[in-house]
Structure formats: C-alpha cells, structure tokens
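Q: structure for this input, please:
(one chain, ligands or ions: 1)
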Amino acid sequence: MNLAEHSWTDARDADTDLALLPVGSTEQHGPHAPLGVDFMSAAAIAEAAAEAYDDEVVVAPPIPVGVAEEHRAFDGTLWVTEDSFRAYVGDVLRSLAHHGFDRIVVVNGHGGNTGALFEICARVSRDGDCYAVPFTWFDAVESDLELGHGGPVETSMMLAIDPELIREDRYPEAAEGAGDGFGDWAGGANLAFDFDEFSESGNLEDPTPATEEEGERLLAASVDACVEVLDAVAARALDGDQ
Ligand SMILES: [Zn+2]
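A: Below is the predicted model of the structure:
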C-alpha cells in the first residue's frame, strides 16, 4: 500500500507491520540521464517489491535528497549533510514505527547514502524504536554491464522505468568526458573529494551498452532480492517479541 495514494483510514486498517522506505539522491548522472535516477529507481523497486510480496506492505514516499555533495560541481545536484540525512531518515523511520509499521526495509539507490544509512538503521534498531535494514539495489544484483556512475547499469534501469528520461543522442558526450574509475589515486590514497576531479561529463563508464531488456532484468532481480529481505525482516525474532 502506497501511503501517498491512500487515506489515513486505509493506513489505520492496514494489517501489517512491514514497510518499505525508498531513499535516493537528486544528483547529476551525466548529460544523458535525469538528476532523479537514484530516488526514481529506489521508488520503482519498492513499489514493485510491495506488489510482489505475499502479504501487505506499506510503501512510504521516497526521500529524494541524500548525501551527494561530491557532485556539487554539476548543476542541479542537491545534497544534505550526513547529520541531516541521519536525523531526517531516523525521524521518518520512527514515525512509521509510531503507526505500527516497525519492521522496515530502506530501499536505497545512492552509494553516497550507504554509510549514514547503515548508522541510522543501527541506531533505531539498537534503541528499540523499530527494526530497520538498509538494502542498496545495485549491491544486491549482478550484471555483465559496468556499474560506473550514470553508466550502463543505471542507464538500463532507467530505460526500464521511464525510457523518455534517457537521452540516447547524448551518449557520446557522456562517454567522451567519462572518468575511468572512482577517485584519483596515489599510494593507496584517494586524492579527490569531488566527482569533477576525475570525471568531466559526470559519468564513469560509457552508457552506450545500456538496454531496456537488461534494465527489466535488473529491476526484476532487485525486486526478488528486496522480497527476500522483506521475508527475512518479517521473520526476524526481535527483543521484546513474546
Ligand atoms: Zn546513481
């Protein structure tokens, strides 16, 4: 049940303690892809996983801005600090728990969120507010294509979710200015803090090998993995259970 599309009485009558909270980022993904890739993909996976799950699951609206200051050189990118992100996500998790949705999978679409997300999920779980587990889709699925950034994996995913948002005519521009790896390394240390220090177009990897077919496969695999996490979170014995 998507909370944003239902009434409070529907939420009251929902017979479940399970919730999905999509989180992402509004950040550059190269010249060919929209700024919303990360929260759009998280929301699409959460929606489809709730539909695929046997029992009822509440889906919270996506949190669209995350930890993304590393992309600040690229126009349109928005970010919050890790402190703000932890505080905000923590409050949202506790408000879900207040209504009895206290077993929560946080579906994440942005690598920069993972550290702060792990910390806040651990905090609310240790404090007994709720049991929250982070799930980052691109860490859970495999592909023959490269992940990169705005690369073939994310571009394929967007071709499956909303193909009109991908500008295939800009692939050459994306590829030409792409960096060859994350960071600028010397002696085992990353010298770079911002993305424009190692990528001109905002891309890592040429997005050209992306296909809608691979996107559909990635979406289905992400949904399967998310359902598996939901099953495990639902079955988990927690302190305070009788
Ligand atoms: Zn992304």
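Q: looking at the chain, which residue is nearest the ion?
A: D38 (4.3 Å; CB to the ion). In this view, the C-beta of every residue, glycine as well, is placed from N, C-alpha and C.
Q: if you count neighbours, what's buried in the helix or strand encompassing that residue?
A: Assessed by DSSP states H and E, D38 sits inside helix 37-52. For helix 37-52, burial by neighbour count (16 or more other CB atoms under 10 Å) applies to 37-50.
Q: please apply the same query to stretch 111-122.
A: For stretch 111-122, a neighbour-count test (16+ other CB under 10 Å) marks 111-113, 116-117, 120-121 as buried.
Q: show me which residues of the chain sit near the ion.
A: On the criterion CB under 5 Å from the ion, the ion has as its neighbours in the chain the residues 37-38.
Q: try it again at 6 Å.
A: Contacts of the chain with the ion, taken as CB under 6 Å from the ion, map to 29, 37-38, 110, 154.
Q: what about L145, distance to G109?
A: In this view, L145 and G109 are 17 Å apart by CB to CB, to the nearest Å.
Q: and the angle for the lengthiest helix in the chain with helix 37-52?
A: Of all segments of type helix in the chain, defined using DSSP state H, the longest is helix 212-235. Relative orientation of helix 212-235 versus helix 37-52 (axes from the mean of the first three to the mean of the last three CA atoms, to 10 degrees): 60 degrees.
Q: mind checking the pLDDT average for helix 212-235?
A: For helix 212-235, mean pLDDT rounds to 98.
Q: thank you, goodbye.
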